[in-house]
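Asks: below are the sequence and a predicted model for it; my questions follow.
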Protein chains: 2
Amino acid sequence: MKDKKLVEEITSRDEDFAKWYTDIIKKAELVDYSSVRGCMVIRPYGYGIWELMQKELDDRLKRTGHENVYMPLFIPEGLLQKEKDHVEGFAPEVAWVTHGGEEELAERLCVRPTSETLFCEHYANIIHSYRDLPKLYNQWCSVVRWEKTTRPFLRTLEFLWQEGHTAHATAKEAEEETIRMLEVYAEFCENVLAIPVIKGQKTEKEKFAGAKATYTIESLMHDGKALQSGTSHNFGDGFAKAFEIQYQSKDGSLEYVHQTSWGVTTRLIGALIMVHGDDSGLILPPRVAPTQLVIIPIAQHKEGVLTKAMELQARLSKVARVSLDDSDKMSGWKFSESEMRGVPLRLEVGPKDIEKGQVVLVRRDTREKTFVAMEELEVRVQELLQTIQQDMLEKARTARDEKTYVAHSLAEFEKILEETPGFIKAMWCGDRACEEAIKEKTTATARCIPFTGEAVGDKCICCGKEGKHLVYWGKAY
Amino acid sequence: MKDKKLVEEITSRDEDFAKWYTDIIKKAELVDYSSVRGCMVIRPYGYGIWELMQKELDDRLKRTGHENVYMPLFIPEGLLQKEKDHVEGFAPEVAWVTHGGEEELAERLCVRPTSETLFCEHYANIIHSYRDLPKLYNQWCSVVRWEKTTRPFLRTLEFLWQEGHTAHATAKEAEEETIRMLEVYAEFCENVLAIPVIKGQKTEKEKFAGAKATYTIESLMHDGKALQSGTSHNFGDGFAKAFEIQYQSKDGSLEYVHQTSWGVTTRLIGALIMVHGDDSGLILPPRVAPTQLVIIPIAQHKEGVLTKAMELQARLSKVARVSLDDSDKMSGWKFSESEMRGVPLRLEVGPKDIEKGQVVLVRRDTREKTFVAMEELEVRVQELLQTIQQDMLEKARTARDEKTYVAHSLAEFEKILEETPGFIKAMWCGDRACEEAIKEKTTATARCIPFTGEAVGDKCICCGKEGKHLVYWGKAY
């Protein structure tokens, strides 16, 4: 059967998850490889998902008072070096421009791996008085980090992201902003991407180069590995001191600003695939599905079928993103293709349906079929899309919770990782030595100390001393 | 008077146009300079204009069937060299990445100056059959060209743009697409930016590196200099042959595709400034004005004024992009600031207005004042914004036409350039030697051969032989 082929060409998810992942991104036409090592071509379908994500997130950033700007692509070496921890963290993984045209540059330029230094330089120029604060800026751009091993969306030399950079009068305001933006990310992941996240703080070891504190949202993939899905950093006044960003306060004194930065990237498309996908391909939450409903005419050569299909397309385009597959492929093949692309709803309409004044709606997530009367379509399609969106989040939450374990000892910790990979909740004394020992022994890392303040015991699983924090541990992408 | 200061700080437009331009971009907070030579920081107000331009143009690209994608930032040297004319045109002005992290690269990567080569490589991967055609792709990104002298928006090392790249089955389809996209640009410039353009073809000398034909839209700035405002290139099958992009036709034969590319950039923001601005600052057409109407309360400390202003803001935000300036600055200063930023409409409301149930509306373009009854505001504001948009286009067209001259001899040509710079229409024999001689003698270049097919004589103004084409000449940015 020709209509089985598309699915047979992809590896089963539980057999080889890594292979399944690369099969999906290729067959669903999300990316293509290029001759540039570690860089990807994001194809229309993949970019369509990103555009919907951008729109949703950009609206949230604007609603919370942020303004978009654009900073240069290049950072002179001297500027990158101004903040010591920051340059140590990033210098080993940047791309260096040494020549412009025929001429060798006096000072090397790095291609931005992140733009703290550029924002700082600009803020030093434009912030003078308390009246200039806060500055709530964001930019959408691409950044480059010279990674050794790469995988499309998850880890690439170049990726797309947004980076927020803000400056505030007080430490308190900066901390509030850092947490506010993490909450925005969490709400976005859950309500738009249908991906539940754990909100928490990174350990000292895992925090961002130059930050005072890093907060994170962590999600769990189908294979039990964690994915850092967004981070928000509080810099305190460290950068302000390095870049001399000062303002005159109301009472005339000269003060340093307090800064934050926060970002999410195209890696979230990788999360969408690995949280929701199955052996037939992608499953996209309706809110980021470039096509929310595909109309597939059955026996389309028969009189009236295509006309009806086009009429339905015109009607439903008013309430959803709709496409019509009127190509000359077999229906079974069309079903497979739309499943591979994760289109949330499929509408089948054939001569018998037309006679009965109905159509068939099939959900991608549950494969559930419903017969719906023509005149109820607009209402039912909207309801179903909402239901799918909610159900996908609940399903992902259940899967995540089922793969979240508790370990009271290192032995237990190792057994879980070996047999049933997932998040492991375990107590930690707070010492870097124990964190490193656990990583060395298990390859799992501290994902975060959750905001919930929960506890599952009172002793560190590594040293047996007082367990100060509950940590979510896991192997991570 | 404090309220005069802001305007006094900028140079008069007719005194020193170049200085006026840089004053405006600084005072209207469009850009800031950075420590990266030739690269600019686009500030929120400048980026807000770009976002509105992007939205308008992106809608047009999608309506004409184009899909957005994202290609890598880097091009390996070997890939750039595949098309001979192309590499010759661009290699002297690219930035080269030679190191990734600590390691020297085996092959240099250039930072994309334009992405033909990357699109070609991708098209060779994904185009196999006539069913795969046409491919109508576009990308929004930044590109880098190592320019020696730079000016914000007009010529910068890095700039933002969209680049469309399409592949077609036949030469005819490619030519149609090239012209269609030029028409889209022309319509966009006139209806959105209120900038009238001349549509035409570039001479062989001025065409794009690697193109068979380049079409252009040319606009005229207030100082009589031309600005190339958008270009559209027909590549024929030149790139397809260099990159082996072939498809199987319906009858089974193997054919090369025919390609196009077209782009407009952030330089159009420079055009907005130089076509519409005056000695008080920017004048923005309503369709790309981040703030379309600013409410300035008069005697705002008096009871009821601020409340009324906020009520009007809430009402008018439903029909326009509205801001309220309730800062503690003097009203005159607020007027100057909103004029500097080119806000199309100013609404003044004070105690006496409230008593009379009216407000004052002031147009930025004509400074015309109107008293409008409160209850008519929504309707009148929308009408006025439309009127301003249209009037600005007409005013710019009149100014352009008044500065468009005819020359029948080189002497006449030089006299016009010297005394009344602008577009000069003059006949040309079609020989490159004459084109170069004219440029050498006058520094004016052939802007385009207009689509109109008009003529102003029958002899080449340079050699006196048959004048085959009327050319628009001018000094250009």
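Replies: Done, it's in. Numbering: from 1, shown residues only, chains lettered A, B, ... in the order given.

Asks: from here on, just use CA atoms for contacts and neighbour counts.
Replies: Will do.

Asks: tally of neighbours for the residue nearest to A:P351 when sequence neighbours are not counted?
Replies: With sequence-adjacent residues excluded and distances taken as Cα to Cα, 6 or more residues apart in numbering or on different chains, A:P351 is closest to A:V305, at 6.2 Å. Residues lying near A:V305 (other Cα atoms under 10 Å in any protein chain shown) number 20.

Asks: how near is A:V305 to A:R315?
Replies: 15 Å (Cα to Cα, to the nearest Å).

Asks: tell me where the model's unsure across chain A.
Replies: Scanning chain A for pLDDT under 70 picks out the ranges A:1-8.

Asks: so what's the most centrally placed residue in it closest to, chain neighbours aside?
Replies: Centroid check for chain A by Cα atoms, centre = their mean gives A:L268 as the closest residue, at 2.1 Å. Spatial nearest neighbour of A:L268, chain neighbours left out: A:S229 (6.4 Å); criterion: Cα to Cα, 6+ apart.

Asks: the one you found falls within a strand, correct?
Replies: Yes. Assigned with DSSP: H, G, I helix; E, B strand; the rest coil, A:S229 falls within a strand.

Asks: contact partners for it?
Replies: Neighbouring residues of A:S229 by Cα atoms under 8 Å, 6 or more residues apart in numbering or on different chains: A:T216, A:I217, A:E218, A:S219, A:V264, A:R267, A:L268, A:A271.

Asks: just among these, which is most surrounded?
Replies: That'd be A:T216 among these, by other Cα under 10 Å, with 28 neighbours.

Asks: show me how far the helix or strand where that residue lies is from its chain's centre.
Replies: Here A:T216 sits within strand A:213-220, counting by DSSP states H and E. Distance, stretch centre to chain centre, for strand A:213-220: 11 Å (Cα atoms, centre = their mean, to the nearest Å).

Asks: please apply the same query to stretch A:253-268.
Replies: 18 Å.

Asks: likewise for stretch A:188-200?
Replies: Per Cα atoms, centre = their mean, the centroid offset for stretch A:188-200 relative to its chain is 9 Å.

Asks: could you pull out the buried residues of that stretch?
Replies: Buried residues in stretch A:188-200, counting neighbours by 16 or more other Cα atoms under 10 Å in any protein chain shown, are found at A:188-200.

Asks: ends of it, what's the gap?
Replies: 16 Å.

Asks: which residues sit against it?
Replies: A:53, A:56-57, A:182, A:186, A:215-220, A:272, A:275, A:285, A:287-288, A:389-390, A:392-394, A:396-397, A:400, A:448-451.

Asks: ok, back up a step: how about the buried residues of stretch A:188-200, which pair is most distant?
Replies: A:V192 and A:G200 (20.1 Å; Cα to Cα).

Asks: near the closest residue to chain B within the stretch 351-477 of chain A, how many other residues are there?
Replies: Using Cα to the nearest Cα, the single residue of the stretch 351-477 of chain A nearest to chain B is A:Y477, 21.3 Å away. The number of residues packed near A:Y477 is 11, by other Cα under 10 Å.

Asks: the closest residue to A:T98 other than its chain neighbours: what's it in contact with?
Replies: Spatially, and ignoring its direct neighbours in sequence, A:T98 is nearest to A:R108 (5.2 Å; Cα to Cα, 6+ apart). Shown in contact with A:R108 (Cα under 8 Å, 6+ apart): A:P76, A:E77, A:W96, A:V97, A:T98.

Asks: perfect, that will be all.
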